[in-house]
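[1] following is a predicted model, sequence given first.
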Amino acid sequence: MTSTAVQTGFDTGFLGTDAGIPALTEAGAQDAVELNGSTTIDYTHFSLALSKSRRFASWVAWNIDGGAMKALSRTGIPFIKDPRVPAEFQTGDELYRDNRLDRGHIARRADLCWGPAAEAKKANKDSFFFTNITPQMDDFNQSTKEGLWGRLEDAVLADVDVDDLKVSVYGGPVFNADDRVFRGVPIPREFFKAVAFVVGGELRCSAFLLTQNLVLAEALDLDEFRVFQVSLSEVEQRVSFTFPAELHAADTSSVQLQEASERPPLGSLADIRW
């Protein structure tokens with residue numbers, strides 16, 4: 001690899017210890033788009049698996065180097081479909097025009113902009129492919145009152161003595177059979193995120209679930225959205241993949257499996273068990 005080459009894909013050894021990518025279930029693999037014979041699609045600093053039936057990512061995994069972040073502008077970068085992937089398996093601007101749905105990044109743009117200039121710029125651009133986008137209510141995506149979800153990565157870097165300021169994150173939508181349909185597209189109402197990091201040489205992983213209760217009628221309304229800390233096993237009950245064994249062994253959650261309605265949501269970042 002030359003000095004000008006750009007490293008692509010999620011780096012499983014990024015944290016200095018193995019933290020692999022999710023493994024699709026048999027049904028998940030059958031539903032996944034294949035690129036060059038693989039169900040894992042690589043971009044700069046992140047990888048993902050794409051659901052054919054739902055036309056959104058099943059999971060996205062990305063690396064964050066907090067010590068090498070670059071402040072890059074998003075101006076002039078368009079949201080586009082990935083030309084490597086059949087357009088029929090991607091959801092584009094036809095869903096987002098003239099309504100309150102935002103094009104929400106799964107792997108946050110700012111998380112990906114690190115490393116040498118060329119690499120950071122490529123990651124910035126790659127983050128805008130629709131394969132990395134899911135519909136989110138404008139309040140959820142933009143409002144400062146619910147910054148909890150978007151600040152999880154920042155929080156672990158700020159509040160925990162993370163080795164080398166490096167974090168790996170796994171995130172995506174939860175596909176439910178009864179997701180409400182808007183413009184012919186079932187809109188995910190739940191999202192998961194798992195944040196993996198190393199403290200004092202020990203791998204840790206904290207998982208979270210966000211629920212946005214959508215009311216889709218003539219207009220789009222947001223009833224409420226709440227964030228819960230959950231176990232990796234609970235996330236797996238809702239998705240079509242499993243997390244690597246190394247992450248399960250590092251799970252920081254002591255929350256017993258229970259219905260979300262019986263578990264209090266996180267009130268602030270201080271409630272998180274890292």
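    It's in.
[2] how about the contacts made by Gly66?
    Neighbour list for Gly66: Trp114, Leu157, Val162, Leu165, Lys166, Val167 [criterion: CB atoms under 8 Å, 6 or more residues apart in numbering]. Just so you know, the C-beta spots here come from the backbone N, C-alpha and C atoms, and that holds for glycine as well.
[3] drop anything exposed from those.
    Trp114, Leu157, Val162, Lys166, Val167 (16 or more other CB atoms under 10 Å).
[4] against Asn99, how distant is the third one?
    It stands for Val162. Val162 sits 39 Å away from Asn99, going by CB to CB, to the nearest Å.
[5] now swap in the second one and tell me
    Distance of Leu157 to Asn99, computed by CB to CB: 34 Å.
[6] state the distance from the closest residue to Met69 other than its chain neighbours to Val199.
    Excluding its sequence neighbours, the residue lying closest to Met69 (CB to CB, 6 or more residues apart in numbering) is Trp114, at 4.8 Å. Applying CB to CB, the value for Trp114 to Val199 is 20 Å.
[7] also Arg183?
    44 Å.
[8] among the contacts of Gly66, which one lies nearest to Thr25?
    Closest approach to Thr25 among those (CB to CB): Val167, at 26.2 Å.
[9] which residues in this structure form helices?
    For the chain, the helices defined by DSSP state H cover 26-31, 109-112, 117-126, 138-142, 147-150, 152-159, 232-236, 245-249.
[10] among those helices, show me which one is buried the most.
    With neighbours defined as mean count of other CB atoms under 10 Å, the helices of the chain peak in mean count at helix 109-112, which reaches a mean of 22.
[11] now for Gln136: which residues touch it?
    So Gln136 contacts Leu101, Asp102, Gly104, Gln212 (CB under 8 Å, 6+ apart).
[12] partner residues bridging the third one?
    Put plainly, it is Gly104. Thr134 (DSSP bridges).
[13] related to what we said a few turns ago, for Asn63, which of the helices of the chain is the nearest?
    Closest among the helices of the chain, once you apply CB to CB, is helix 109-112, at 8.4 Å.
[14] for the closest one, name the packing helices and strands.
    strand 57-65, helix 117-126 (3 or more CB pairs under 8 Å, 6 or more residues apart in numbering; DSSP states H and E).
[15] give me the angle between the first one and helix 117-126.
    Spelled out, it's strand 57-65. Relative orientation of strand 57-65 versus helix 117-126 (axes from the mean of the first three to the mean of the last three CA atoms, to 10 degrees): 150 degrees.
[16] any idea of the mean pLDDT in strand 57-65?
    Average pLDDT, strand 57-65: 97.
[17] with that, I have no additional questions.
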